[in-house]
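# My questions are about this predicted structure, shown below with the sequence.
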Amino acid sequence: MTLTIYNSLNRSKEPFETVDPGKVKMYVCGPTVYDSCHIGHARSIIVFDVIYRYLTFAGYDVTYVRNFTDIDDKIINRANEIGISPAALAEKYIQEFYVDMDALNVLRPTSEPRATEHIGNILRLIEILIEKGIAYAAEGDVFFSVDKFDGYGKLSGRKLDDMEAGARVEIDLRKKNPFDFVLWKASKPGEPEWDSPWGKGRPGWHIECSAMSKDILGASLDIHGGGKDLIFPHHENEIAQSEAAFGKTFVKYWVHNGFVNINHEKMSKSLGNFLMIKDILKVYHPEVLRLFLLSHHYRSPVDFSDETVRNVAAGLDKIYAMLERVEKFLGKLPDTGSEKYATSPDAEKDFWSLFTNAMSDDFNTAQGIGVLYDAVRNLNKILDSCEKAEPEHPDDAVNRQTISNECLGIMKIGNILGILSQPPGDYFARKKEAVLERQSVDAGLIEALIQERKDARKSRDFKKADEIRDRLKAMNIEIEDRPEGTIWKVIS
RNA sequence: GGCGGCAUAGCCAAGUGGUAAGGCAACGGCCUGCAAAGCCGCUAUUCUCCAGUUCAAAUCUGGAUGCCGCCUCCA
């Protein structure tokens, strides 16, 4: 199984070969912690969470670093507005970040460095650049001289000459080239500051990633990821800093995820349509959000709308309903930790390997989810035929083995995607609770109505029974008459 | 102005040279007192349009139209 990855640097899919065999060094740009995380953050983090899970599954020893930018203009401004220290503001949003991530079933990276913990490394890196004549100090600021780095623009496809025409930012006369960017910023009174050879100040935005990745992973990384918008200037500048300083290829594979739009509009402050993760999770199960985001290729834009997400919720219900069915049939679900999946002799029906094929092609989760639904349908079919058979059916043991194995494959797919992580009973219970609360419906009343309908059915008063069913339906409650009794579900 | 992306059924979406995955919705069937759930079948002779390359194109090339992103903080 050869893994290919789309590399933004060369704009093509390439076979994945690590710098050190068997080891993956992966760095992903994390959030600037000045506000709550929105769905755009969720996409980036979930995409790379799945890449991390998949690479680990594929047998790589993955070191995954995701940083926090905890010092920056936006943090300082916001802290001043609320009247707390920038450090306290950053800490508050880091804690909130963890609440969101845990809810979304996002694995913790190997390392989560913060810019303020690496000031020493940042200063050393700037000094190297100054010694090499690539950076220069001016009135307490330090700038990177883009003319001194030949490869400037290779990631974003920009040429310095072409960009001059479009320059409309006020030109800083201290810069040798208008595109020179700041490595170190002199502090204004009252701002957080650290001592440096150029006076008190703080790091520029781009330098932290170069310094921290070098410190934790070394000068050359296998994968560097982030949102598409970071390509220019952030990642372009990281390349310039790291390669100019250390003289080695900084990153082998650049991976960038696409944006999330809301009802066909870009999220923006002027439209006021930022969707925060915590608000979405009030309405949708976290795995619905994961499944929704992963149903689209990670490089394509996705459009978040209630209609689309509700469709995904229906799909997740379907998968959990199947798990519940298996649980009932076997008495318990297979254990992905201890039980081993057996490859199917029929390659067309070996859903697990079809899934890994899709994932090996540039992490095509959308195609992989298609395989997942195929597998669910296939297993439901097997269950249909087994449930019809007599309990003493001679093939029973074989059937149980088949069902268990097929289910195991589905659950393994769930593990990679970070879904199907809870017992189906809990999933449906949680869903009921959320809907009942939102609609202020009482579970006791529902049970009473179902009992009443049961009595009516017993006396073959179907008219009354149907009336009760309609009444429940009006309450967004749907019932299913199963062989073992009537159960009810909420319609979301 | 510079750079880049996208256009596939009612909706969402995969598919980068070999004859259109999957989901939601709709419809028909099995099942059911009737439903629901599940399964089966059906739903794009065709992939925005035009021209070209090829035995073969949704996939490659050129052009047109439409939509979007980055170039300024942004996932």
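Great, that's in hand.
# only C-alpha atoms for contact and neighbour calcs from this point on.
Will do.
# Contact distance from RNA strand B - what residues of the stretch 201-350 of chain A qualify?
A:205, A:226-234, A:257-261, A:265-268, A:295-297, A:300-303, A:307-308, A:311-312, A:314-315, A:318, A:321-322 (C-alpha under 7 Å from any atom of the strand).
# Tell me which of those fall in strands.
Among these, the members falling in strands (DSSP state E) are A:226-227, A:257, A:260-261, A:265-266, A:302-303.
# Between all of these, which two are at the greatest distance?
The distance between the two most remote of these (C-alpha to C-alpha) is 21.1 Å, for A:226 and A:265.
# Between these two, which is the more surrounded one?
With neighbours defined as other C-alpha atoms under 10 Å, residue A:226 and residue A:265 compare such that residue A:226 has more, 24 against 12.
# Looks like that one contacts residue A:31 (just checking).
No - between residue A:226 and residue A:31 there is no contact under C-alpha atoms under 8 Å: 9.9 Å.
# okay, and the common contacts of the two?
Counting by C-alpha atoms under 8 Å, 6 or more residues apart in numbering, residue A:226 and residue A:31 have no shared contacts at all.
# so how far is the helix or strand residue A:367 falls within off the chain centroid?
Taking DSSP states H and E as the definition, one finds residue A:367 inside helix A:365-388. Counting by C-alpha atoms, centre = their mean, to the nearest Å, helix A:365-388 is centred 25 Å from the centre of its parent chain.
# And it, what's buried?
A:365-369, A:371-373, A:375-376, A:379-380, A:382-383, A:386 (16 or more other C-alpha atoms under 10 Å).
# Could you do stretch A:128-147 as well?
Buried, per 16+ other C-alpha under 10 Å, within stretch A:128-147: A:128-130, A:134-137, A:140-146.
# Excluding residues flanking it in the chain, which one is nearest residue A:419?
residue A:287 (5.6 Å; C-alpha to C-alpha, 6 or more residues apart in numbering).
# Report the contact partners of that neighbour.
With C-alpha under 8 Å, 6+ apart, residue A:287 has these contacts: A:104, A:316, A:418-420.
# Need those in a markdown table (columns: pLDDT and secondary structure).
Converted to a markdown table, the contacts of residue A:287 look like this (pLDDT from 0 to 100; DSSP: H, G, I helix; E, B strand; the rest coil):
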| residue | pLDDT | secondary structure |
| --- | --- | --- |
| A:104 | 97 | coil |
| A:316 | 97 | helix |
| A:418 | 98 | coil |
| A:419 | 98 | coil |
| A:420 | 98 | coil |
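# Get me the contact residues on the stretch 1-150 of chain A for RNA strand B.
So the stretch 1-150 of chain A meets RNA strand B at A:11, A:29-32, A:39-41, A:43-44, A:74 (C-alpha under 7 Å from any atom of the strand).
# Can you name the element that comes right after the least confident helix or strand in chain A by mean pLDDT?
When each helix and strand of chain A is scored by mean pLDDT, DSSP states H and E, helix A:160-166 comes last, with a mean of 64. Once helix A:160-166 ends, the next helix or strand along the chain (criterion: DSSP H and E) is strand A:181-186.
# Other residues contacting that next one?
A:126, A:139-146, A:199-207.
# go on, stretch A:329-339?
For stretch A:329-339, contacts defined as C-alpha under 8 Å, 6+ apart pick out A:323, A:326-327, A:400, A:404-405, A:407-408, A:411-412.
# what does stretch A:154-162 give?
So stretch A:154-162 is in contact with A:8-10, A:152-153, A:179, A:231-232, A:235-236, going by C-alpha under 8 Å, 6+ apart.
# Against residue A:290, how distant is residue A:262?
16 Å (C-alpha to C-alpha, to the nearest Å).
# Among the two, which residue is more densely surrounded?
Applying other C-alpha under 10 Å to residue A:262 and residue A:290 shows that residue A:290 carries more neighbours, namely 22 against 17.
# show me the contacts for the residue in chain A that RNA strand B sits nearest to.
With C-alpha to the nearest atom of the strand, the shortest gap between chain A and RNA strand B falls at residue A:227, namely 2.5 Å. Residues in contact with residue A:227 (C-alpha under 8 Å, 6+ apart) are A:44, A:256-259.
# Now the two most distant members of those.
Across the contacts of residue A:227, no pair lies farther apart than A:256 and A:259, at 9.8 Å, counting by C-alpha to C-alpha.
# got any residues that touch both of those two?
Contacts common to residue A:256 and residue A:259, judged by C-alpha under 8 Å, 6+ apart, are A:227-228.
# Chain A - how does it break down into domains?
What automatic domain parsing lists as the domains of chain A is A:4-266, A:309-425, A:441-490.
# Out of these, which is closest to residue A:283?
domain A:309-425 (10.3 Å).
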